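**Student:** please work out how this folds:
(one chain, ligands or ions: 1)
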Amino acid sequence: MFQTYRRMMTVTGSYRPQLQTALLLSVIASIIQGIIFALFFPLFSALLTQPIDAQRVWILLGGFGVLVVIEGLLRWRELDFSWLTSSKVAHETRLKLAEQLRRIPLQDLSRRRSGDLNVVMSGNVSELVMWIGSLATLVIQTIVVPLITFLITLWIDWRLAVALLVAFPIAVPTYRYMRSLVKAMLRDVAAADAETASRVVEYAQGLPVLRATQQIGVRSQRLQTTLERQRQIQVKGQRLGVLPSITMATLVEVGVVALMGLGTLFILQGSLSIPMLFALLVIAMRFTEPLTQLIHLASVFDLMEIGLERIEALMSIPALPVQPPATQLTRFDITFDQVSFRYADQTEWALQDVSFHLPARSLTALVGPSGGGKTTITRLISRFADIQTGAIRIGGVDIRQVDPAALMRSLSVVFQDVYLFDDTILNNIRMAKPDATDADIEAAARAANCHEFITRLPDGYETRIGDIGGALSGGERQRISIARAMLKNAPIVLLDEPTSALDTESEVAVQEAINRLVVDKTVIVIAHRLSTVVGSDLILVLADGQVIEQGSHPELLAQQGRYASMWTVQQQSQGWRIAS
Ligand SMILES: Nc1ncnc2c1ncn2[C@@H]1O[C@H](COP(=O)(O)OP(=O)(O)OP(=O)(O)O)[C@@H](O)[C@H]1O
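**Tutor:** Numbering: from 1, shown residues only. Reported below is the predicted structural model:
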């Protein structure tokens, strides 16, 4: 438990002093509470002795009153303090997690499901922080108050103090055993929650495809199975969850009965007075009540610990290392030098011993069969993950030495899947260059052939993507993505042949936009149709993770190799389409 507390303190970061102050206030309040209970001994003595010592009783009651008010004030300050700090800690932890998501390799991120990330960022952080303030103070209350009452009882009559501990030899091991059961169960519940969140996100995002492919039944069955599993685990969890507190409550009551028996025995022997036994029974209640409460808290602790585990797992993914000296980029030619790369958890190489040089401001096309490694090359240039052997250099600098922000500034990416945020069109374009003026954005949109269709939207540039939903065509979304790239004006442009899935009219608009974008840039385009690569400076033919041919279109045709036969096949199929 103390270890959890220490880990919790690590997470709280810069708010540690505030939380420690809250804890200190709580300790003082708990000591006062312990003293209040101890006052029952002299109070009962005074009340039950004949004649009643009225003055003593009033003084004691006055003392009670003052201490209760002081304790209340301290607790109020402490709660106020810890709740306020907790909400700040939640905010800070979420920012830290968001920063971590920004720094870790995209490869690690793409392996986690978005629903799972959501559970960590919102659910786990809330669980952790919601309890951070109140829980620590409650733990102190449940430890400090019984401890003080025990010490005072010990001072009055050691036999009674020992009697207070009667239930402990059974209670402690029982508690430990039950806690391990509950913890295992909570871990199952957390895993089931994360699984459900991922399935729900997957289901919602995939609905259009599922409807179109009439697979909705299969997927909804999977979702239902996950929901059913979650329900079963939750029911099991709830049933198991109440067991420790019921058992502990029973043990505690057995302890109180044993104490009464022992007290009665001492009275019969004449070694204990009746007022003392009354006072002891009142104190025994206060002694045992917090202990039962501790059992409830223990399961909350377990919940927190599981949240902590998940947060720590995300925080412990190492960021892509930057080898010193972190360098800025001044030239933008790209070199792959005997690069081999394997995706995490894969045995097959996605790229094997790949070497090429792309001069600055040249246009290179990547072609070849599906799975050949084209996308992997573009991903590696943006440092999606680090390669296992070889080196990737931009302007002669190994990208592992380049300041990651500088690397990102040098690249524009236009891929087929265009992600638009639920914000205005204006802001969706602006994210490429946050300090751009509205006029800059409009100029970029005009150059990307977007201005026309944007001004036709209900609120023009202020239209929110969420409000028009799927109303933008694929070509329009791509042109917004090109407008972003225009605005960013990065010296390297990575394109995943964006025109392949478009109708002719859109294709012309997108192609025009691309032509304006790529002027004076180092461009790499993944091409699916060879007709679009004829004018490229260099064509790399990739198959099975290797560059099997490279050269210009006429050079490759002259080689009469793989490219030449692919070209012949595509020409023929085009001929068939025209003829039919
Ligand atoms: N995220 C990933 N995790 C594991 N393996 C991957 C991942 N992405 C690609 N691969 C594997 O790496 C190899 C190269 O894939 P890549 O996507 O680069 O090919 P491609 O030429 O772009 O194919 P396509 O034209 O179909 O997009 C393939 O064997 C593929 O299965």
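
**Student:** which parts of the stretch 1-150 of the chain sit against the ligand?
**Tutor:** Residues of the stretch 1-150 of the chain lying close to the ligand by Cβ under 6 Å from any ligand atom are residue 110. (C-beta placed from N, C-alpha, C; glycine too.)

**Student:** distance of the residue in the stretch 1-150 of the chain positioned nearest to the ligand relative to residue 104?
**Tutor:** Going by Cβ to the nearest ligand atom, the ligand is nearest to residue 110 of the stretch 1-150 of the chain, at 6.0 Å. Distance, residue 110 to residue 104, by Cβ to Cβ, to the nearest Å: 11 Å.

**Student:** go on, residue 193?
**Tutor:** Residue 193 sits 23 Å away from residue 104, going by Cβ to Cβ.

**Student:** also residue 281?
**Tutor:** Relative to residue 104, and taking Cβ to Cβ, residue 281 is found at 59 Å.

**Student:** the more surrounded of the two?
**Tutor:** Taking neighbours as other Cβ atoms under 10 Å, residue 281 and residue 104 compare with residue 104 leading, 18 against 15.

**Student:** now the more buried one. Nearest residue, chain neighbours left out?
**Tutor:** Nearest residue to residue 104, sequence neighbours excluded (Cβ to Cβ, 6 or more residues apart in numbering): residue 317, at 4.5 Å.

**Student:** isn't the one you found up against residue 108?
**Tutor:** Yes - under the criterion of Cβ atoms under 8 Å, residue 317 makes contact with residue 108 at 5.1 Å.

**Student:** enumerate the residues of this structure near the ligand.
**Tutor:** Within the chain, the positions lying close to the ligand (Cβ under 6 Å from any ligand atom) are 110, 343, 346, 350, 370-376.

**Student:** looking at those residues, which are in helices?
**Tutor:** With helices defined by DSSP state H, the entries of these inside them are 110, 374-376.

**Student:** that's a helix at residue 390, yeah?
**Tutor:** No - Residue 390 is assigned strand when assessed by DSSP: H, G, I helix; E, B strand; the rest coil, not a helix.

**Student:** contacting residues for it?
**Tutor:** By Cβ atoms under 8 Å, 6 or more residues apart in numbering, the residues touching residue 390 are 336-340, 353-355.

**Student:** just the buried ones from these, in ChimeraX syntax?
**Tutor:** Selecting only the buried entries of those in ChimeraX, with 16 or more other Cβ atoms under 10 Å as the criterion:
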select :336,339,340,354
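
**Student:** how close does the residue nearest to residue 28 when sequence neighbours are not counted get to residue 267?
**Tutor:** Leaving aside its chain neighbours, residue 28 sits nearest to residue 74 (5.9 Å; criterion: Cβ to Cβ, 6+ apart). Counting by Cβ to Cβ, the gap from residue 74 to residue 267 is 37 Å.

**Student:** of these two, who's got more company?
**Tutor:** When neighbours are counted by other Cβ under 10 Å, residue 74 and residue 267 differ, and residue 74 comes out ahead with 20 against 14.

**Student:** the more buried one is in contact with residue 30, isn't it?
**Tutor:** No - between residue 74 and residue 30 there is no contact under Cβ under 8 Å: 9.2 Å.

**Student:** quick check, residue 227 in a helix?
**Tutor:** Yes - assigned with three-state DSSP, residue 227 falls within a helix.

**Student:** can you give me the neighbour number for it?
**Tutor:** Residue 227 has 15 neighbours, counted by other Cβ under 10 Å.

**Student:** mind listing what it touches?
**Tutor:** Contact analysis of residue 227 by Cβ under 8 Å, 6+ apart lists 196, 199.

**Student:** check residue 472 too.
**Tutor:** With contacts defined as Cβ under 8 Å, 6+ apart, residue 472 is in contact with 420, 465, 480.

**Student:** could I get these as a markdown table with distance to residue 495, pLDDT and secondary structure?
**Tutor:** Shown next, in a markdown table, are these (distance: Cβ to Cβ, whole Å; pLDDT from 0 to 100; DSSP: H, G, I helix; E, B strand; the rest coil):
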| residue | distance to residue 495 | pLDDT | secondary structure |
| --- | --- | --- | --- |
| 420 | 18 | 82 | coil |
| 465 | 22 | 83 | helix |
| 480 | 15 | 90 | helix |
